[in-house]
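Chemist: Starting from these lines, generate the structure:
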Amino acid sequence: MPMIIMHKGDVVTELQDGEEWQVVGDKILITKPSDPKHSREIPVPDGDVEGLVEVWLGGA
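Modeler: I've put the predicted structure just below:
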């Protein structure tokens, strides 16, 4: 199921299957529990953690 992370209406990144995310300092850390070597970091836009949301891009 396609998921994205948005910040105040703008897409920050699209999550791949099995990815999870959390904010660490001023970065979004994206990991995949099934693959310990898989990780990526994205800066938090404008340092504004409060504006981050996860959105499902699916239909009914």
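Chemist: which residue ranges form the strands in this structure?
Modeler: Per DSSP state E, the chain carries strands over the ranges 3-7, 10-15, 20-24, 27-32, 35-43, 52-56.
Chemist: could you give me the average pLDDT of the fourth one?
Modeler: What that stands for is strand 27-32. Strand 27-32 shows a mean pLDDT of 96 in the predicted model.
Chemist: What residues sit buried inside that strand?
Modeler: Using 16 or more other Cβ atoms under 10 Å as the test for burial, strand 27-32 gives 28, 30, 31, 32. Where C-beta positions appear, they are placed from N, C-alpha and C, glycine not excepted.
Chemist: Just send these back as a markdown table, with distance to residue 51 too.
Modeler: A markdown table is the format used below for these (distance: Cβ to Cβ, whole Å):
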| residue | distance to residue 51 |
| --- | --- |
| 28 | 12 |
| 30 | 17 |
| 31 | 22 |
| 32 | 25 |
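Chemist: so what's the residue nearest to residue 39 when sequence neighbours are not counted bridging to?
Modeler: Take residue 39 and drop its neighbours on the chain: the residue closest to it by Cβ to Cβ, 6 or more residues apart in numbering is residue 31, 4.9 Å away. With beta bridges defined as DSSP bridges, residue 31 has these partners: residue 20, residue 39.
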